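S.K.: Generate a structure from the sequence data that follows.
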Amino acid sequence: MKEPKKRVFITLLIVTMGLVGGTGWLLWYIPQVGLRNINPLLPAVLTVIIFGAVGIVASGVLLLIITLIRGHEIFLAQRLRFVVIKVLFPLMVLVGKLLGISRDRVQQSFIAVNNQLVRSNVGKVKPDRLLILLPHCIQINECNIKITGDVHRCKGCGKCEIKELVAVADRYNVDLSVATGGTLARRIIKEKRPKAIIAVACERDLTSGIVDSYPLPVIGILNDRPFGPCMNTRVDMDDVKEALETFISPANA
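M.R.: Residues are numbered from 1 along each chain as shown. Coordinates of the predicted model:
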């Protein structure tokens, strides 16, 4: 699956900031008369607080937009990943709903933005501190072998991509795990304590995983679903290898 476009996120970001600015103006305008009656200095204090806060947020968002357009980090942009993940994304889901943009499209764009922010300022990690996390639906549903505890139980029949994924993980000497859901995924991350994660999943699971794993850097790869969700899904191996090379220096590969 090709990585989704970032323009949906940028559009929603601009609309959201317009709404934030409008809300800030209302919060400034409405109480002016009442505050002036209490103390003549209170309107000025309120002006500094509200417009200062809006100005700081707007400057940060502008830096973020420039970073996304240019394709590489500029000053302070990477530090906005917290704001994107914890604050702006939930707001933009609501704004997207108001504008008739599906949650999946918003999530796809969010994943693309997150991936770019991670790639723009990622440090190299040792292979044994990198984790590839897969959904159980990558395994063909006809298989009776349980690989959630150990992917090396795979017999390598080649009917699904587990065989190739195990081979790639072994070649790069990175950990590979399969999770049946968010609870198990969080437990795996807690037990293995990686420094970075490459996660393969659908929009919903990738988004929640990126949010839950913060501040760990996570590159999310959307799976292909030729048979629908949660059944015999696939992943582009070139995307997996590219993500691996983002985190691992050639000398350690």
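S.K.: need the strands for the protein, in chain order.
M.R.: Counting by DSSP state E, the segments of the chain that form strands are 130-135, 175-179, 196-201, 218-222.
S.K.: Please identify which of these is closest to residue 56.
M.R.: With Cβ to Cβ, the closest approach to residue 56 among the strands of the chain belongs to strand 218-222: 26.6 Å. In this view, the C-beta of every residue, glycine as well, is placed from N, C-alpha and C.
S.K.: Name the surrounding residues that touch that closest one.
M.R.: Contacts of strand 218-222 with the rest of the structure, by Cβ atoms under 8 Å, 6 or more residues apart in numbering, involve 1, 3-4, 108, 111, 114-115, 118-119, 196-203, 206-207, 209-210, 235-236, 239-240, 243, 246-247.
S.K.: so how far is it off the chain centroid?
M.R.: Relative to its parent chain, strand 218-222 has a centroid offset of 7 Å by Cα atoms, centre = their mean, to the nearest Å.
S.K.: ditto for stretch 12-20
M.R.: 19 Å.
S.K.: Could you pull out the buried residues of it?
M.R.: When neighbours are counted by 16 or more other Cβ atoms under 10 Å, the buried residues of stretch 12-20 are found to be 12-13, 15-17, 20.
S.K.: Likewise for stretch 115-134?
M.R.: Of all the residues in stretch 115-134, those buried under the rule 16+ other Cβ under 10 Å are 115-120, 125, 127, 130-134.
S.K.: just to revisit the earlier point, quick one, which of the contacts of strand 218-222 are buried?
M.R.: In these, burial by neighbour count holds for 3-4, 108, 111, 114-115, 118-119, 196-203, 206-207, 209-210, 235-236, 239-240, 243, 246-247, counting by 16+ other Cβ under 10 Å.
S.K.: Looking at the residues you listed, which are in helices?
M.R.: Within the buried ones among the contacts of strand 218-222, residues falling in helices by DSSP state H are 108, 111, 114-115, 118-119, 203, 206-207, 209-210, 239-240, 243, 246-247.
S.K.: Isn't residue 64 up against residue 84?
M.R.: Yes. Using Cβ atoms under 8 Å, residue 64 is in contact with residue 84, at 6.9 Å.
S.K.: quick one: buried residues of stretch 179-186?
M.R.: Along stretch 179-186, the positions that meet the burial threshold by neighbour count (16+ other Cβ under 10 Å) are 179, 185.
S.K.: Just give me how far it sits from the chain centre.
M.R.: If you compare the mean C-alpha spot of stretch 179-186 with that of the full chain, they lie 17 Å apart, counting by Cα atoms, centre = their mean.
S.K.: Tell me the bridge partners for residue 175.
M.R.: With beta bridges defined as DSSP bridges, residue 175 has these partners: residue 131.
S.K.: From residue 195, how far off is it?
M.R.: For residue 175, the distance to residue 195 equals 11 Å [Cβ to Cβ, to the nearest Å].
S.K.: what sits in contact with each of those two?
M.R.: Counting by Cβ under 8 Å, 6+ apart, the contacts common to residue 175 and residue 195 are residue 130.
S.K.: Having no further points to raise, I will conclude here.
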